[in-house]
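**Student:** For reference, the sequence and a predicted model appear below.
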Amino acid sequence: MSVILGPNRYGKAETRLVRVVRDGGVHHLKDINVSSSLSGEMEAVHLTGSNAAVLPTDTQKNTAYAFARKHGVDQIEDFALLLARHFVRSQPTIHHARVEIDEYGWERIAGGHSFVRSGREVRTCVVHHDRDGRTSVVSGLKDLVVLNSTDSEFHGYIVDEYTTLRPTTDRILATAVTAHWRHASPEADFGKSYAEVRQSLLDAFAGTYSLSLQQTLYAMGTRVLESRPEVCEVRMRMPNKHHFLVDLEPFGLDNDNEVFYAADRPYGLIEGSVLREDAPDAAFAWE
């Protein structure tokens, strides 16, 4: 039996980085989580244990901190591009860099230096850059919790001997959206794009009379592509956060869609992508 080395990469995961910009008495906070993964001429380190081609993961962590000081951290996509390009350009043995960043929001309480952690979603991005000059940027968000208290139905599905779910023409539709959108170009106004994509997702969720969560997912992705020309593909993961009507008859009470039990598990999980017909090949961006 012959054995060969397959695809591989290594890096430093979840480097927590907080940068404070002091503008006189007013401070600005950036709170991010940086993960970098590198690949290239790594045969020797796997086969013989030689580290001659390896840029230590500790160095990758330190680079993120140093670049935050030297270049600042504005849009996370731009910071990820800066790191990815640096790793590939500075080290001849590194052929491909993947940088993923999560951003956590903070809101100002009062004055110039007091903050409260935002209850909003987490902003994300993943950047790829390689020695052949290929670059991709995928922006995104996770834990965007949304709910429609009506205008949602579910019926007409397959019924077999194990089906107990009753059809409904009025239900709560709730989910925690994880969405990633691929940019057609690695150069964009990422801050404006993020705000507009987020709003498009919310507008489509609120404005769609839903016969299924799949229909809502498709409507949300379509709205993004119709409104944002810089985006060529949207991928979404949407768990169905079930709300079950509580039976109050044992207590002599009716329940006209007013009191629900919010179940956390098990849950339906809907996943899908929406893309332009002319979208460039996606394999590189989603590695």
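**Tutor:** Everything's here; your move.

**Student:** if I pick Leu173, what's in contact with it?
**Tutor:** Contact partners of Leu173, counting by C-beta atoms under 8 Å, 6 or more residues apart in numbering, are Leu147, Asn148, Asp151, Ser152, Ser210, Leu213, Thr216, Asn240. To be clear about C-beta, it is placed using only N, CA and C from the backbone, and glycine gets the same treatment.

**Student:** Just the residues contacting stretch 54-70, thanks.
**Tutor:** 10-12, 15, 17, 19, 34, 36, 38, 42, 45, 79, 82-83, 86-87, 91, 93-94.

**Student:** And that stretch, what's buried?
**Tutor:** Under the neighbour-count criterion of 16 or more other C-beta atoms under 10 Å, stretch 54-70 has Val54, Leu55, Thr57, Gln60, Lys61, Thr63, Ala64, Phe67, Ala68 buried.

**Student:** Narrow the contacts of stretch 54-70 to those in strands?
**Tutor:** Tyr10, Gly11, Lys12, Thr15, Leu17, Arg19, Val34, Ser36, Leu38, Ile94 (DSSP state E).

**Student:** Tell me the one among the residues you listed nearest to Arg223.
**Tutor:** Val34 (30.5 Å; C-beta to C-beta).

**Student:** Turn the buried residues of stretch 54-70 into JSON lines, including secondary structure and pLDDT.
**Tutor:** Formatted as JSON lines, the buried residues of stretch 54-70 follow (DSSP: H, G, I helix; E, B strand; the rest coil; pLDDT from 0 to 100):
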{"residue": "Val54", "secondary structure": "coil", "pLDDT": "98"}
{"residue": "Leu55", "secondary structure": "coil", "pLDDT": "98"}
{"residue": "Thr57", "secondary structure": "helix", "pLDDT": "98"}
{"residue": "Gln60", "secondary structure": "helix", "pLDDT": "98"}
{"residue": "Lys61", "secondary structure": "helix", "pLDDT": "98"}
{"residue": "Thr63", "secondary structure": "helix", "pLDDT": "98"}
{"residue": "Ala64", "secondary structure": "helix", "pLDDT": "98"}
{"residue": "Phe67", "secondary structure": "helix", "pLDDT": "98"}
{"residue": "Ala68", "secondary structure": "helix", "pLDDT": "98"}
